[in-house]
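J.: Provided below are the primary sequence and the corresponding predicted coordinates.
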Amino acid sequence: MDPQVRTLLSRLQADSGFADRYFANPGAVLAELQIPEPERAALATLNRDAVLYLGEAERVEPKLAPEHPTNNTGNRHMTVVIALWGCAAFVVAWLLMRAT
């Protein structure tokens with residue numbers, strides 16, 4: 001997601017005055033931002049409930065989804081460790097086969 005879109009969504013969730021101004025005329029607020037056209041069209045059709053839902057979903061997701069990256073930080077390192085051990089085992093096996 002574009003960083004400006006993420007910033008816009010978080011600002012809409014946090015600042016009700018800005019949200020009122022945005023939902024009154026989304027085109028005027030979006031004109032001030034450097035957002036790509038496809039995302040600009042999608043953001044113009046957002047409503048307040050959708051923005052609040054996205055914020056709530058982002059807050060709750062790490063607790064509900066065990067596969068969320070914040071819940072599996074050790075798995076990334078374990079993959080590298082297993083790969084390195086596999087490479088070392090292959091080299092040792094290859095050296096033993098060449099020696100015989």
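T.: Now that the structure is in, tell me what you want to look at. Numbers count the residues shown, from 1 in each chain.
J.: longest single helix anywhere in this structure?
T.: Taking DSSP state H as the criterion, the chain has its longest helix at helix 73-99.
J.: helices or strands up against that helix?
T.: In this structure, helix 73-99 packs against no helix or strand, with contacts taken as 3 or more Cβ pairs under 8 Å, 6 or more residues apart in numbering; DSSP states H and E. In short, each C-beta sits where N, CA and C put it, glycine included.
J.: helix or strand with the lowest mean pLDDT in the protein?
T.: Taking mean pLDDT, DSSP states H and E as the measure, the helices and strands of the chain show their lowest mean at helix 48-64, namely a mean of 79.
J.: counting by contacts, list what that helix packs against.
T.: Here helix 48-64 touches helix 3-14, helix 16-24, going by 3+ Cβ pairs under 8 Å, 6+ apart.
J.: and among those, the most buried is which?
T.: Neighbour counts (mean count of other Cβ atoms under 10 Å) averaged over each of the helices and strands packed on helix 48-64 peak at helix 3-14, with a mean of 15.
J.: what does it rub up against?
T.: Residues outside helix 3-14 that contact it (Cβ atoms under 8 Å, 6 or more residues apart in numbering): 18-19, 22, 33-35, 39, 43, 48, 51-52, 54-55.
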